[in-house]
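# here's my sequence, what's the structure:
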Amino acid sequence: MGIAKDGFYWRNWIAFWILGTINNFSYVVVNSAAQSLAQSFDASDLLGLILWANIAFGFFARIINAFFLERIPYTYRVLANAVLMGLGMAGVAISINIGFWFCLLSIVITGIASSFGESVLLGYMKGYPSEIVNGWSSGTGMAGVAGSMSYILLSGVIQLSNRDIFIILLPLCVVYCVVFLWMLVKPTSRDTDNGRSRILFGSGGDWTDQSFVFKKIPKIDLDMEMSASSVPYSRVHPLVEDEDEDAVNIHEEESFSPIMMMEAGSTLSSLDHTVNQVADISERSSLVESQVPIFSESSEADKQATQQFQDKHPEVNIHHSASVLTSTWQEEPETKGRRYVRTLRLVWWVSLNLALVYFFEYVASVGGSDKAQPPGSDTSPSWWVRNAYKVLAFCYQLGVLISRSSLGLFKIRRVEVITALQGVNMVFWLLQAKFKWISGPTGVWILFAIMVYVGLLGGASYVNVFYLILHDKTTPDKDRELCVNWAAIFINLGITAASVFILIMSNSFLKND
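Sure, this is the predicted structure:
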């Protein structure tokens with residue numbers, strides 16, 4: 001179903017674009033400055049440690065957000081993230097006067113802010129159309145381009161110190177808060193992809209769109225005339241409330257009985273489908289809850305269909321003048337542990353691919369590019385060769401920006417293809433770091449082009465994976481934020497593994513290269 005892209009849609013799209021840009025900006029600047037920071041502390045062999053500090057503890061921030069902060073208002077979480085962002089950048093700015101380990105601690109805080117903010121705001125998007133993720137992903141891509149370009153200009157052209165650069169970034173924290181609090185229009189049920197409610201029948205995962213309205217009503221006494229031998233087991237799961245303003249949220253902790261109002265013009269076949277799905281009760285289940293579908297009789301055709309249904313199913317007692325079909329089931333409450341496992345199973349494949357893509361691209365764009373040039377390149381007469389590491393970082397981010405902004409043009413469902421191609425890229429950059437096949441003022445431009453390709457694949461994987469999770473109709477809306485956080489956690493796993501690998505390779509088989 002298409003979504004209406006009105007003024008509010010584009011306002012929110014732009015707001016998420018700005019939030020994505022600011023959220024990842026300081027993270028990108030740290031990565032762009034990694035080589036310079038390491039050299040300023042005479043710790044060039046610990047370049048991978050800076051990357052690790054920028055991402056490793058973000059893993060725990062994502063876990064805390066996903067499993068412990070789900071009930072904390074988003075506003076509090078966003079404001080707390082802005083504070084962390086400011087503390088991290090201020091710490092990096094003054095670390096040159098304190099020491100390398102204080103710099104690492106400040107980078108840890110910066111990385112936590114980036115990871116935590118990403119998890120919070122991606123989860124917040126569950127209330128918006130799934131395509132709104134394109135605004136966020138495009139913004140994070142712009143953060144890469146703007147962050148790396150800003151560092152090149154401020155450090156390489158204007159020749160500002162790292163201290164001055166990170167102080168200049170501090171006002172972004174204020175803009176971050178202003179955009180979230182006053183520019184972003186808060187989501188309503190009308191902002192989702194589905195203008196209609198959805199019901200999942202049985203365990204097969206088939207969705208139907210019957211324009212049902214879910215309302216909370218008191219439990220009612222059962223009035224059923226069925227023989228136990230004629231009713232096999234089945235259950236119905238209400239998942240999403242309709243956009244009707246009178247509909248209320250349904251919480252697992254509350255006992256409820258949803259009334260499913262069927263559209264006028266319902267046919268006998270739809271009634272038969274409904275009774276086959278919801279009227280069957282197992283001998284194994286206790287009758288403790290009731291689901292009452294009420295069929296409206298707003299037309300003569302509905303009345304005739306209802307009467308035919310009653311004639312065909314005399315064992316079901318229809319009453320209350322509105323033709324009520326009653327059915328019940330017993331459902332055991334789901335523990336948190338089972339919910340975590342169940343949601344992980346929903347997204348493990350796309351999340352694993354995202355983790356692998358991040359592992360491959362970070363080994364290539366950070367570890368491989370750091371050693372891609374032969375010794376003595378820093379004294380080359382060519383500015384491009386001397387600044388190859390910074391330019392390669394920019395090229396990677398440029399590719400990320402382009403592909404993260406591509407969702408409106410095309411969507412990729414076979415994300416495993418992107419993963420395989422990125423694996424090939426990693427192998428190429430490791431070989432380049434070892435043998436320096438491509439070098440010199442001409443060769444460096446070939447490396448720039450290949451690094452753009454690395455970014456294209458990475459950004460494509462990111463935006464399409466999160467789109468698939470937010471758009472997947474088989475994922476219950478109540479679990480969508482948790483599913484998004486699972487994928488975000490896998491990002492950190494991939495980057496953490498990459499930083500460890502870079503540390504190992506920089507001090508082993510690429511130590512002298």
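
# following element in sequence after the host helix or strand of residue 32, please.
Using DSSP states H and E, residue 32 sits in helix 7-40. Heading C-terminal from helix 7-40, the first helix or strand you meet, by DSSP H and E, is helix 47-55.

# same for that next one, what does it pack against?
Applying 3 or more C-beta pairs under 8 Å, 6 or more residues apart in numbering; DSSP states H and E, we find helix 47-55 packed against helix 7-40, helix 100-124, helix 477-506. Using the backbone N, CA and C atoms, a C-beta is placed for each residue, glycine as well.

# what lies in contact with it?
Helix 47-55 is contacted by residues 27, 30-31, 34-35, 37-38, 43, 104-105, 107-108, 110-111, 114-115, 362, 366-367, 370, 492, 495-496, 498-500, 502-503, 506 when judged by C-beta atoms under 8 Å, 6 or more residues apart in numbering.

# now residue 77: how far from residue 85?
Using C-beta to C-beta, to the nearest Å, we find residue 77 at a distance of 13 Å from residue 85.

# please say which of these two ends up with more neighbours.
residue 85 (28 against 18; other C-beta atoms under 10 Å).

# skipping its backbone neighbours, what lies nearest the more buried one in space?
Excluding the flanking residues, the one nearest residue 85 by C-beta to C-beta, 6 or more residues apart in numbering is residue 113, at 4.0 Å.

# list the contacts of the one you found.
So residue 113 contacts 23, 26-27, 81-82, 84-85, 88 (C-beta under 8 Å, 6+ apart).

# need the residues you listed in a markdown table with pLDDT, can you?
Shown next, in a markdown table, are the contacts of residue 113 (pLDDT from 0 to 100):
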| residue | pLDDT |
| --- | --- |
| 23 | 96 |
| 26 | 92 |
| 27 | 90 |
| 81 | 97 |
| 82 | 97 |
| 84 | 96 |
| 85 | 96 |
| 88 | 95 |
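
# residues touching residue 503, list them.
Residue 503 touches 46, 48-49, 52, counting by C-beta under 8 Å, 6+ apart.

# for residue 456, give me its contacts.
With contact set as C-beta under 8 Å, 6+ apart, residue 456 has these partners: 399-400, 402-403.

# actually residue 374, not the one I wrote
Contacts here follow C-beta under 8 Å, 6+ apart; on that basis residue 374 touches 436, 439.

# give me the phi and psi angles of it.
Taking degrees, to the nearest 10, you get phi -70, psi 160 for the backbone angles of residue 374.

# wait, residue 352 sits on residue 490?
Yes. Using C-beta atoms under 8 Å as the test, residue 352 is close enough to residue 490 to be in contact (6.6 Å).

# which pLDDT value goes with the nearest residue to residue 55 once chain neighbours are set aside?
Setting aside the residues directly before and after it, residue 55 is nearest to residue 495 in space (C-beta to C-beta, 6+ apart), at 4.3 Å. pLDDT recorded at residue 495 is 87.

# burial of residue 392, as a residue count?
Applying other C-beta under 10 Å, we find 27 residues neighbouring residue 392.

# about what we covered before: ok, of the contacts of residue 113, which come out buried?
In the contacts of residue 113, burial by neighbour count holds for 23, 26-27, 81-82, 84-85, 88, counting by 16 or more other C-beta atoms under 10 Å.
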